[in-house]
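Colleague: Generate a structure from the sequence data that follows.
(2 chains)
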2 protein chains.
Amino acid sequence: MKILLVGAGGVGDSIAKIAARRAFYEQIIVTDYDLARAERTVAWIAARHTPEIAAKFVADRIDASDPASVEEVARRHGADYVMNAVEPKFVQTIFAGALAADANYLDMAMSLSEPHATDPHSETGIKLGDDQFAQAADWEQKGTLALVGMGVEPGLSDVFARYAADHLFSEIDELGTRDGANLVVTDDDGNEIFAPSFSIWTTIEECLNPPVIWEKERGWFTTPPFSEPEVFDFPGGIGPVECVNVEHEEVLLMPRWVDAKRVTFKYGLGNEFIGILKTLHQLGLDKTAPLTVRSANGPVQVAPRDVVAAGLPDPATLGPRMTGKTCAGLWVTGTGIDGYPREVYLYHVADNEWTMAEYESQCVVWQTALNPVIALELLSLGVWGGSGVLGPEAFDALPFLELMALPVDEGGYGQAWGLEDRAV
Amino acid sequence: MKILLVGAGGVGDSIAKIAARRAFYEQIIVTDYDLARAERTVAWIAARHTPEIAAKFVADRIDASDPASVEEVARRHGADYVMNAVEPKFVQTIFAGALAADANYLDMAMSLSEPHATDPHSETGIKLGDDQFAQAADWEQKGTLALVGMGVEPGLSDVFARYAADHLFSEIDELGTRDGANLVVTDDDGNEIFAPSFSIWTTIEECLNPPVIWEKERGWFTTPPFSEPEVFDFPGGIGPVECVNVEHEEVLLMPRWVDAKRVTFKYGLGNEFIGILKTLHQLGLDKTAPLTVRSANGPVQVAPRDVVAAGLPDPATLGPRMTGKTCAGLWVTGTGIDGYPREVYLYHVADNEWTMAEYESQCVVWQTALNPVIALELLSLGVWGGSGVLGPEAFDALPFLELMALPVDEGGYGQAWGLEDRAV
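Modeller: Numbering: from 1, shown residues only, chains lettered A, B, ... in the order given. The predicted structure is shown next:
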């Protein structure tokens, strides 16, 4: 297996670092628009591993916005897997480049949505991943695989959905992804500061788009942003966090392969962050269309959302100033295999202190990166396999969850996941 | 009297329109960096007044950021008064240009403050107007007058302070300027939208700087932004509005001429607006230092506050989409001239419907513009006069308040002001 890793930002860098401790691949080509960034990741690995492992990593330059560049780099290195680790706005070009290169493909976010033109808060327009699923026949015809949404959320959450359906429930009422954290970022003086732990650009995109919900009777539909607030109690010492509906890939993926009455995604944004996002929207500062703004060099054209992002610290740099844990998981309700009502929360917690000590990676970024590496290993082993455009729930969940939880000294990733049975 | 009006934005335009109904001056030179804007104001007056009145208004171009430009335009037109009607960041350059031109000067906001370097939320640094008061001797020496802070707030509020001291109270405990409104702006579909009725640039400057308070024992000191929230009940049908301490000129002006134990300024921002300003600050979007931001033409340098302003509608254009009233006033507590405790609110209310119908001016802007015109008339009549750098409370308040309230057909401005005796 030769993996072309597209993007050496926070998540791409973590993917390379996690993979460096595994032996299942022949080569990883770490690429970025900014070659120096790719070289930094390769150098970090070289400084901490044997020359044999270091030799498996090479850095190269890529233009993720150009399918021809992706194809050219993939072909030149003979990559049979393209691992997309950049912002979702480049999904379509990397997806096209991988297909053109006859390579397999993985991503952690799907092609972007467009709201319904006249009724955005109740009807779907173009949905997340629609563009990718529309090309499924091309992948099937070539016999290559596009494994979409294979991060932590979507990704691990979808693996949990398949696991719940196969091993825990005879009938599922709701598959509800629930994400929450108690992360705190402080400045040099130890004062708490506002610094989102994930790309603010993507967070705004997710949170201000109309959230999508799936119901068996009704299919996909949307609601106004921040709908159906609920306080969800997260494990690992995180505790209760205010969660709201957010547009997310799980809702588009799970119903395609797992039988359930309702599929939702709620993000534990907390009241403060919800207020901030509402204000950004109210002031038009979420907009991606350029605005004419005065500057010392005369009027310039900038997108307000890019200004918001430029003013905040790069999430990948927050690790050393961050404390706390992040929890990704799936809350499932329905009828257990014993015929009784059941409610479980399947989850994985990442502690920033541990991810920083082990990988110099911030925990939200690291937790996202872990899952595609496990998936790639299962694909390299032939445990997982297929062709077309498939979500994580299209595959058997058990080998994934076993490899993930198996201690490192027994050949696994040593990442325990939890199952919490909740009172019904 | 020949008046050089610097700035034909919202307030400058209103000053010209209000003055056009009065006869006390020989000429008003309406100037702007954008000549077309000055010409638009002059054309509006010409279309609605006799040729004799129209002939008293001329348009010219000026660079308010350059004292030499201000001096040159003032001298060329033989202006004996320079009326500053632009953003406060140009106070110092216009002030210097007027002094150099041997002209008298009026403004409606004073030279900007700088927070204390180490203890900004309890000590003052450079205060509002410090730079102007430092030059008082230059004006006294020339025998010319700089009448500073002569809008509505500061301005009318300071006139009220002098009136209260001379005619209502034997001893004043607090001079508390209180400003509130019930203005609502709607979009084309009639939905309420967020659109500040005054320059957001200036509003951010005022509200996020540490508020300044004056106490007889302690002198000037500062607090954290949005301190001492109180609900103040405004007259004219506006009702109760949440007010907080805000840095404002009155606190720097009143103690210089009026005896009081405490001087404060509270702005009825309302909870929503306070939340928005806090969020802008938290995200660094209030900053005026340029940030490097990506754009279609490569990285550009823009100040986040300029981006916020560029994304909101121009307050001067809001009049037709606005309904409601704005109230400016001074709440005074202490001992009445009869020796009994007294509490009064002295105020002026402007109704947007009326200011739009009469002047095609939005009410907040119009109310600001009214007061310097009255002051100029009193100066032209010799009722007010002096030299040096003086605030409105340095002059007798009675002729101002009488001319303001006198009906139009009796030669006044027909603007009733109110005195509300409140229970002690």
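Colleague: Just give the number of residues close to residue A:179.
Modeller: Here the count is done by other CB atoms under 10 Å in any protein chain shown, and residue A:179 has 25 residues near it. All C-beta atoms are positioned from the backbone trio N, CA, C, and that covers glycine.
Colleague: ugh, wrong one, residue A:376
Modeller: The local packing of residue A:376 (other CB under 10 Å) involves 25 other residues.
Colleague: quick one: it and residue B:186, what's the gap?
Modeller: Taking CB to CB, to the nearest Å as the criterion, residue A:376 is separated from residue B:186 by 54 Å.
Colleague: Equivalent analysis for residue A:90, please.
Modeller: Here residue A:90 is placed at a distance of 40 Å from residue B:186 (CB to CB).
Colleague: More neighbours: those two, which one.
Modeller: Using other CB under 10 Å, the more surrounded residue of residue A:90 and residue B:186 is residue A:90, with 23 against 14.
Colleague: tell me the SS of the more buried one?
Modeller: Following DSSP: H, G, I helix; E, B strand; the rest coil, we place residue A:90 in the helix state.
Colleague: Break chain A down into its structural domains.
Modeller: A:2-151+A:368-415, A:156-364 (automatic domain parsing).
Colleague: With distance to residue B:230 and mean pLDDT as extra columns, can I get the ones you listed in JSON lines?
Modeller: Rendered in JSON lines, the data for the domains of chain A read as follows (distance: least, CB to CB, whole Å; pLDDT from 0 to 100):
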{"stretch": "domain A:2-151+A:368-415", "distance to residue B:230": "38", "mean pLDDT": "97"}
{"stretch": "domain A:156-364", "distance to residue B:230": "23", "mean pLDDT": "94"}
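Colleague: Which stretch among those domains approaches chain B most closely?
Modeller: For those, the distance to chain B is smallest for domain A:156-364, at 4.3 Å, taking CB to the nearest CB.
Colleague: how about the domains of chain A in JSON lines, adding distance to residue B:404?
Modeller: Conversion of the domains of chain A to JSON lines gives the following (distance: least, CB to CB, whole Å):
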{"stretch": "domain A:2-151+A:368-415", "distance to residue B:404": "50"}
{"stretch": "domain A:156-364", "distance to residue B:404": "37"}
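Colleague: closest to residue B:296 out of these?
Modeller: Proximity to residue B:296, assessed across these by CB to CB, is greatest for domain A:156-364 (6.5 Å).
Colleague: now the end-to-end length of the closest one.
Modeller: 13 Å (CA to CA, to the nearest Å).
Colleague: can you list the residues of the stretch 151-300 of chain A near chain B?
Modeller: With CB under 8 Å from any CB of the partner chain as the criterion, the stretch 151-300 of chain A meets chain B at residues A:194, A:275-276, A:279-280, A:282-285, A:287, A:290-297, A:300.
Colleague: For residue A:319, list the residues it contacts.
Modeller: For residue A:319, the residues meeting the contact criterion (CB atoms under 8 Å, 6 or more residues apart in numbering or on different chains) are A:352, A:355-356, A:360-363.
Colleague: among those residues, which ones are buried?
Modeller: A:352, A:355-356, A:361-363 (16 or more other CB atoms under 10 Å in any protein chain shown).
Colleague: any chance you could map the strands in the stretch 101-250 of chain A?
Modeller: A:104-106, A:145-147, A:169-181, A:184-186, A:192-193, A:212-215, A:219-222, A:230-234, A:239-245 (DSSP state E, counting those that start in this stretch).
Colleague: So which residues on the stretch 301-424 of chain A come close to chain B?
Modeller: Taking CB under 8 Å from any CB as the criterion, the contact residues of the stretch 301-424 of chain A with chain B come out as A:301-304, A:306-308, A:310-312.
Colleague: Out of the residues you listed, which end up buried?
Modeller: A:302-304, A:306-308, A:310-312.
Colleague: Okay, strands next: where are they in the stretch 301-424 of chain A?
Modeller: Using DSSP E, counting those that start in this stretch, the strands of the stretch 301-424 of chain A run over A:322-323, A:325-336, A:341-351, A:388-390, A:418-421.
Colleague: what does the fourth one contact?
Modeller: The set of residues external to strand A:388-390 that reach it, using CB under 8 Å, 6+ apart, is A:132-133, A:135-137, A:139-140, A:145-148.
Colleague: Help me confirm that residue A:41 is found in a strand?
Modeller: No - counting by three-state DSSP, residue A:41 falls outside a strand, being helix.
Colleague: which ones are touching it?
Modeller: Contact criterion CB under 8 Å, 6+ apart gives A:8, A:12-13, A:16-17, A:30, A:57, A:59 as the residues in contact with residue A:41.
Colleague: if we go to 7 Å?
Modeller: A:8, A:13, A:16, A:30 (CB atoms under 7 Å, 6 or more residues apart in numbering or on different chains).
Colleague: And for residue A:53?
Modeller: Going by CB under 7 Å, 6+ apart, residue A:53 touches residue A:20.
Colleague: Tell me the buried residues in the host helix or strand of it?
Modeller: If you go by DSSP states H and E, residue A:53 is part of helix A:51-54. Within helix A:51-54, the residues scored as buried using 16+ other CB under 10 Å are residue A:53.
Colleague: Find the pair from the contacts of strand A:388-390 with maximum spatial separation.
Modeller: Across those, no pair lies farther apart than A:137 and A:147, at 16.7 Å, counting by CB to CB.
Colleague: Scan the contacts of strand A:388-390 and report the most crowded one.
Modeller: The most neighbours, when the contacts of strand A:388-390 are compared by other CB under 10 Å, belong to residue A:148, which has 30 neighbours.
Colleague: Can you pull the phi and psi angles for that one?
Modeller: Here the main-chain torsion angles of residue A:148 (degrees, to the nearest 10) amount to phi -100, psi 150.
Colleague: for residue A:134, same thing?
Modeller: phi -60, psi -20.
Colleague: do you know how far it is from residue A:110?
Modeller: Residue A:134 sits at a distance of 12 Å from residue A:110 (criterion: CB to CB).
Colleague: Of the two, which one has the most company?
Modeller: Of the pair residue A:134 and residue A:110, residue A:110 is the one with more neighbours under other CB under 10 Å, namely 26 against 12.
Colleague: Report the contact partners of the residue nearest to that one when sequence neighbours are not counted.
Modeller: The spatially closest residue to residue A:110, leaving aside those adjacent along the chain, is residue A:129, at 3.6 Å (CB to CB, 6 or more residues apart in numbering or on different chains). Residues touching residue A:129, when contacts are defined by CB under 7 Å, 6+ apart, comprise A:110-111, A:148, A:249, A:252.
Colleague: ditto for residue A:353
Modeller: By CB under 7 Å, 6+ apart, residue A:353 lies in contact with residue A:323.
Colleague: and it, how far is that from residue A:371?
Modeller: With the distance defined as CB to CB, residue A:353 ends up 21 Å from residue A:371.
Colleague: ok, and for the lengthiest helix in chain A, which residues are buried?
Modeller: In terms of residue count, the longest helix belonging to chain A (DSSP state H) is helix A:363-381. Burial within helix A:363-381, assessed by neighbour count using 16+ other CB under 10 Å, is assigned to A:363-380.
Colleague: Please work out which residues outside stretch A:333-350 touch it.
Modeller: Residues outside stretch A:333-350 that contact it (CB under 7 Å, 6+ apart): A:156, A:160, A:163-164, A:168-174, A:235-236, A:325-332, A:363, A:366-367, A:415, A:417-422, A:424.
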